[in-house]
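Asker: Sequence and predicted structure, then a few things I'm wondering about:
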There are 2 protein chains.
Amino acid sequence: MLVRAGVELLTEKGFSSTRVDDVLNATGISKGSFYACFDSKQAFGRILIESYASHFNARIDRCLGDGTLPPLRRLLNFVHDARDGMQRHAFRRGCLIGNLGHEVDILPESFNVLLCAILNGWERRVTDCLLEVYGTTPDHGQKQLCAQLARYFWIGWEGAVLRARVEHGPAALDLFATFFFAQAATLLGVASPDPGGTIPPVSPEPPARVKTDPAAG
Amino acid sequence: MLVRAGVELLTEKGFSSTRVDDVLNATGISKGSFYACFDSKQAFGRILIESYASHFNARIDRCLGDGTLPPLRRLLNFVHDARDGMQRHAFRRGCLIGNLGHEVDILPESFNVLLCAILNGWERRVTDCLLEVYGTTPDHGQKQLCAQLARYFWIGWEGAVLRARVEHGPAALDLFATFFFAQAATLLGVASPDPGGTIPPVSPEPPARVKTDPAAG
């Protein structure tokens, strides 16, 4: 319960702004019990990051591991799955790892190493999935392309998640997916996984702020 | 001086983690003088955001307004200019607007409206620049494409800036630029602005954390 409340707070507020008291208030757990489990807020933070990464890795693996579908279709399924997750929280929650990235210079050094390791793990998963396009013996150039595309995917995805939070809506995720998958399909020489998809029209007006019940987050 | 110190702190730490006392300590200005100028931390925050946006708009305009160069070359010049700016601070500082985006759900509602307006302003600048590819009378489809590409640019750019901060190096910015400009050139039907550029190789190892002197930030 502590870890779940902690992940929720960190995903909305970030590490620096989340006080141990916030976590205790959200769970009704006493300060004594908290410090019986964790030496410090920092130790608690590490557990939260590892818990989030483990949960998220399983989610990625579930989407990317479906060998009955072409690789790009599996990656698009991850995008849809994550989009649905954000929608359930009315786009009030971002990516914990992205949030922490914005705080990186005021976080403990060990957090930074952990963030890089997690991001590398995500990239490796997408790289391995894309490599299946080339069968069992991809050459060096193909390996490089897949690794670069995987990295480009996560760079853009984190930017799209950030924008979706600011706008409280999915349009940025959809725009990102449309451009990314079109380019990836061309570079990999495969069919685009979403032939029926249309790029959402871009409005010159600022998006309306959707007022949501904080309890929904 | 207050505004400059405030922007520096916000760009590194974000709004929630920056206390008014931090700003006073960084400048030697008394609390009394501060509150003579600003009603609240929130009022100060608005001034900082507007000051940053105004500075950044001028920077974008300087790069994109050079009519002697093709549009994509001008946008690439902005990328290089911003990359140089991050390098000067050893990749310890991100984008103030991106940072605030990560805090959006704990910021005052009025900040969110301001962030959306600023992001829309950046998108409009890039849209107008790209539209010059089509001369003086672009059609509806061309306008849509330029607006979508401009939005896709900023989504990916914010993601790349975030990653560059986590990694304390420029590789993510370079990878982003290589993929983005290749796709944009193809879609716009123009030459890529950076024919000599190479995609930086992706290492499977976590990047080394560069230890920097905080005074350099």
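Answerer: Cool, the structure landed.
Asker: show me where chain A has helices.
Answerer: With DSSP state H as the criterion, chain A has helices at A:2-13, A:20-27, A:31-37, A:41-64, A:71-88, A:96-102, A:109-131, A:140-167, A:171-188.
Asker: contacts for the first one?
Answerer: Spelled out, that is helix A:2-13. Residues from elsewhere that reach helix A:2-13 (C-beta atoms under 8 Å, 6 or more residues apart in numbering or on different chains): A:18, A:22-23, A:26-27, A:29, A:34, A:37, A:44-45, A:47-48, A:51-52, A:92-96, A:99-100, A:217, B:16, B:103, B:105-106. Every C-beta, even on glycine, is put in place using the N, C-alpha and C of the backbone.
Asker: Residue ranges in chain A under the pLDDT threshold?
Answerer: Along chain A, segments meeting pLDDT under 70 span A:194-217.
Asker: Go through the residues of it and report the one nearest to chain B.
Answerer: Of all residues in chain A, A:Gly159 sits closest to chain B, at 2.7 Å by C-beta to the nearest C-beta.
Asker: residues contacting the residue nearest to that residue when sequence neighbours are not counted?
Answerer: Spatial nearest neighbour of A:Gly159, chain neighbours left out: B:Gly159 (2.7 Å); criterion: C-beta to C-beta, 6 or more residues apart in numbering or on different chains. Shown in contact with B:Gly159 (C-beta under 8 Å, 6+ apart): A:Trp154, A:Ile155, A:Gly156, A:Trp157, A:Glu158, A:Gly159, A:Ala160, A:Leu162, B:Phe176.
Asker: Show me which of those are buried.
Answerer: Buried residues within the contacts of B:Gly159, counting neighbours by 16 or more other C-beta atoms under 10 Å in any protein chain shown: A:Trp154, A:Ile155, A:Gly156, A:Trp157, A:Glu158, A:Gly159, A:Ala160, A:Leu162, B:Phe176.
Asker: Out of those residues, name the two that are farthest from one another.
Answerer: Farthest-apart pair in the buried ones among the contacts of B:Gly159 is A:Leu162 and B:Phe176; separation 14.1 Å (C-beta to C-beta).
Asker: gap between the residue of chain A positioned farthest from its centre and B:Ile106?
Answerer: Relative to the C-alpha centroid of chain A, counting by C-alpha atoms, centre = their mean, A:Gly32 is the outermost residue, at 33.1 Å. A:Gly32 sits 28 Å away from B:Ile106, going by C-beta to C-beta, to the nearest Å.
Asker: again, but for A:Arg59
Answerer: A:Arg59 sits 25 Å away from B:Ile106, taking C-beta to C-beta as the criterion.
Asker: So which residues make contact with stretch A:177-190?
Answerer: A:70-72, A:75-76, A:79, A:130, A:133, A:145-146, A:149, A:152-153, A:156, A:160, A:191-194, A:197-200, B:148-149, B:152, B:179, B:182-183.
Asker: number of nearby residues for the nearest residue to A:Thr27 once chain neighbours are set aside?
Answerer: Leaving out its chain neighbours, the residue that sits closest to A:Thr27 by C-beta to C-beta, 6+ apart is A:Ala5, at 4.8 Å. Number of residues near A:Ala5 (other C-beta atoms under 10 Å in any protein chain shown) recorded here: 19.
Asker: Kindly report the same for the one 4 residues further on.
Answerer: For A:Leu9, the number of neighbouring residues by other C-beta under 10 Å comes to 19.
Asker: Could you look over the helices of chain A and pick the most buried one?
Answerer: helix A:96-102 (a mean of 26; mean count of other C-beta atoms under 10 Å in any protein chain shown).
Asker: what comes into contact with that one?
Answerer: For helix A:96-102, the surrounding residues in contact (C-beta under 8 Å, 6+ apart) are A:7, A:10-11, A:14-15, A:48-49, A:52-53, A:56, A:107, A:111, A:115, A:118-119, A:158, A:161-162, B:14, B:94, B:98-99, B:102, B:162-163, B:165-166.
Asker: how about a cut-off of 7 Å?
Answerer: Applying C-beta atoms under 7 Å, 6 or more residues apart in numbering or on different chains, the contact partners of helix A:96-102 are A:7, A:10-11, A:14-15, A:49, A:52, A:107, A:111, A:115, A:118-119, A:158, A:161-162, B:14, B:94, B:98-99, B:102, B:162, B:165-166.
Asker: that older thread, turn the helices of chain A into CSV, columns for distance to B:Val126.
Answerer: What follows is the helices of chain A, written out as CSV (distance: least, C-beta to C-beta, whole Å):
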stretch, distance to B:Val126
helix A:2-13, 30
helix A:20-27, 39
helix A:31-37, 48
helix A:41-64, 32
helix A:71-88, 24
helix A:96-102, 23
helix A:109-131, 27
helix A:140-167, 14
helix A:171-188, 14
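Asker: nearest to B:Ala172, of the ones you listed?
Answerer: Closest approach to B:Ala172 among the helices of chain A is made by helix A:140-167 (5.6 Å; C-beta to C-beta).
Asker: next one: that closest one to chain centre, how far?
Answerer: Relative to its chain's centre, helix A:140-167 lies at 11 Å (C-alpha atoms, centre = their mean, to the nearest Å).
Asker: what do you get for stretch A:69-77?
Answerer: 17 Å.
Asker: A:Ile60 and A:Arg125 touch, don't they?
Answerer: Yes. With contact defined as C-beta atoms under 7 Å, A:Ile60 counts as touching A:Arg125 (5.3 Å).
Asker: Return the backbone torsion pair for the residue positioned nearest the centre of chain A.
Answerer: When C-alpha atoms, centre = their mean is applied to chain A, the residue found nearest the centroid is A:Cys95 (4.6 Å). Main-chain dihedrals, A:Cys95, degrees, to the nearest 10: phi -100, psi 130.
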